[in-house]
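# any chance you can model this:
(one chain, ligands or ions: 2)
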Amino acid sequence: MPQILTLALAKGRILDETLPLLAAAGIHPSIDPDTSRQLILPTNHREIRLVVVRSSDVSTYVQYGGADLGVAGKDVLLEHGGEGLYEPLDLHIARCRLMLAKRIDADKIHGRLRIATKYANITRRYFATQGRQVEIIKLYGSMELAPLVGLADYIVDVVDTGNTLRANGLVPIEPPLAHSSARLVINRAAMKMKHAPIKALVHGLGKVVAARQGQPQLQRTSQQSWSISDA
Ligand code: ATP
Ligand code: PRP
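Numbering: from 1, shown residues only. Ligands and ions are numbered 1, 2, ... in the order given. Got it, this is the predicted structure:
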């Protein structure tokens, strides 16, 4: 009996950018995720299936074994906790920076800063290391609006081209709180119980990513129990 591998993908950008990587590794969903409402997508490999979940839920699915593997942004893993998960591969997609930003015309703020963000944990930790108290206003999207309507002094959000900040009269404040790209994460128990198929999948994806990056092989990292080059 082949062991079934379940791979959780965050809908949206991560799904869109991961499917070409999977395709290059020879894995294709049998159902079009853009048109289907089905949440479990079989693939051309009988033993590999995809599940499509919210970005912030990927680590939960993988942590509790609802999925054996997952793909999520590092920003989301830092915010929602990727503890206890193996993170063997940087897929080098969905690259962005997590940045503090303010109105271009903002006066200097004295005292406690009000920061609107969906990255409440990362933001709190960042300012705690600076010994600065902040008030976090939790939002779930359109963070750029908050300083424009007086809801907050600053935002913390992901920035890629900077177009969204510019379009809304905001400026980023260097340095970034974090750099992010999508990571493959793996459930620890699955890593033991389904080692051979997981190793094959990581190896296949690793080769695709390395080829895209123009690297012959991936390097071993401290979090890996084995690396692509071992395969
Ligand atoms: P949710 O709807 O669950 O809040 P989301 O809106 O953050 O998720 P996406 O916009 O698809 O979902 O972003 C998924 C991931 O892609 C983010 O976690 C981040 O790592 C990365 N990302 C977000 N915006 C950009 C961007 N403009 N450029 C590059 N990468 C981005
Ligand atoms: C993200 C993020 C920013 C924007 C930053 O939003 O919340 O608003 O992208 O990207 P930029 O620096 O390239 O402008 P979202 O994913 O909703 O926007 P998008 O679909 O336009 O990338």
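# geometrically speaking, which residue is the centre of this protein?
G73 (0.7 Å; C-alpha atoms, centre = their mean).
# bridging residues for that residue?
Beta-bridge pairing of G73 under DSSP bridges involves A182.
# residues contacting it?
G73 is in contact with A10, I14, S55, A94, C96, V158, S180, S181, A182, R183, counting by C-beta atoms under 8 Å, 6 or more residues apart in numbering. Backbone N, C-alpha and C define where each C-beta goes, glycine included.
# what's across from the fifth one in the sheet?
Following DSSP bridges, C96 is listed with bridge partners S180.
# which pLDDT value belongs to it?
pLDDT for C96: 98.
# what about the single nearest residue of the chain relative to ligand 1, distance to ligand 2?
Per C-beta to the nearest ligand atom, G73 is where the chain lies closest to ligand 1, at 2.2 Å. Distance, G73 to ligand 2, by C-beta to the nearest ligand atom, to the nearest Å: 10 Å.
# what does P29 give?
Taken as C-beta to the nearest ligand atom, the span from P29 to ligand 2 is 22 Å.
# L41 is in contact with that residue, correct?
Yes - judged on C-beta atoms under 8 Å, P29 makes contact with L41 at a distance of 4.4 Å.
# any common contacting residues for these two?
Joint contacts of P29 and L41 (C-beta under 8 Å, 6+ apart) are L50.
# name the SS class of V208, please.
At V208 the chain is in helix, as set by DSSP: H, G, I helix; E, B strand; the rest coil.
# state the three-state secondary structure for P33.
coil.
# burial count for it?
Using other C-beta atoms under 10 Å, P33 is surrounded by 17 other residues.
# per-residue confidence for it?
91.
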